[in-house]
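A.B. asks: Got a predicted structure here, sequence first:
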Amino acid sequence: MKVKGRLKNLNYNIEGKPQVTFELERYLDINKIYEIKEEDLLNINISKAKKSRTLDQNNLLWAIISDIDRKINGIPSEIFRWDLYIQGIEEAGIEYEDVLIPQKSLKIFKQAFRAYKILGEKEDKILLRCFLGSSKFDTKQMTNLIDYFLKKASELGVTIVDYREEYERLFY
């Protein structure tokens, strides 16, 4: 199990044993931790998280997505750009999580996740694919996503010369 978070507290219990408290980065990671029993002895490996993507990288990503949208549809559409973004995350193998939720919880999940996709509905349950926003990506994930969209843009005949120069400036 791997989770991302920040150190929030160091203290000692009544027997003098050290205790550490972390604040988790993602809400759904708590589900992984619920599986652990109090008596379980764990191997814990703590390391610094990878560097997050930059605002310039994010702007480049959305510029490429907008040009792909314009090439396909003529007039850019916010809905289609989000669909492209979600498709890119899935096809580039960027992190997402599928969760089964009560239908009444959909509103809460829409607020918690910037991007999501409904995979199926049955009775009062919804199978939801939840995506992190690119603000949570590290530079490797962002590189993979931009590479995916540069390839897609090239396949569609979108001029990418300027994007290649910007990409090299931001990543190398």
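C.D. replies: It's in.
A.B. asks: what about Gln57, how many neighbours?
C.D. replies: 20 (other Cβ atoms under 10 Å). C-betas here are computed from N, CA, C, even on glycine.
A.B. asks: Apologies, that question was intended for Pro18.
C.D. replies: Count around Pro18 with other Cβ under 10 Å applied: 8.
A.B. asks: Run through the bridge partners of it.
C.D. replies: In this structure, Pro18 bridges to Tyr12 when assessed by DSSP bridges.
A.B. asks: Does Gly93 belong to a helix, a strand or coil?
C.D. replies: Secondary structure, DSSP: H, G, I helix; E, B strand; the rest coil: Gly93 is coil.
A.B. asks: Now do the same contact list for the residue nearest to it when sequence neighbours are not counted.
C.D. replies: In space, Gly93 comes closest to Asn144 once its chain neighbours are excluded; the distance is 6.9 Å by Cβ to Cβ, 6 or more residues apart in numbering. Asn144 sits next to Ala92, Gly93, Ile94 when contact means Cβ atoms under 8 Å, 6 or more residues apart in numbering.
A.B. asks: Quick check: the last one touching Thr143?
C.D. replies: No: in this structure Ile94 lies outside contact range of Thr143 using Cβ atoms under 8 Å: 10.5 Å.
A.B. asks: picking that back up, closest to Leu106 out of the contacts of Asn144?
C.D. replies: Proximity of these to Leu106 (Cβ to Cβ) peaks at Ile94, which lies at 22.7 Å.
A.B. asks: Lys136 versus the closest one, what's the distance?
C.D. replies: Ile94 is 10 Å from Lys136, where distance means Cβ to Cβ, to the nearest Å.
A.B. asks: For the two, indicate the residue with more neighbours.
C.D. replies: For Ile94 versus Lys136, neighbours defined as other Cβ under 10 Å are more numerous around Ile94 (18 against 15).
A.B. asks: what's near enough to touch the residue nearest to that one when sequence neighbours are not counted?
C.D. replies: Using Cβ to Cβ, 6+ apart and skipping residues adjacent in sequence, the residue nearest Ile94 is Gln141, 5.2 Å away. Under the criterion of Cβ under 8 Å, 6+ apart, the neighbours of Gln141 are Arg53, Ile94, Glu95.
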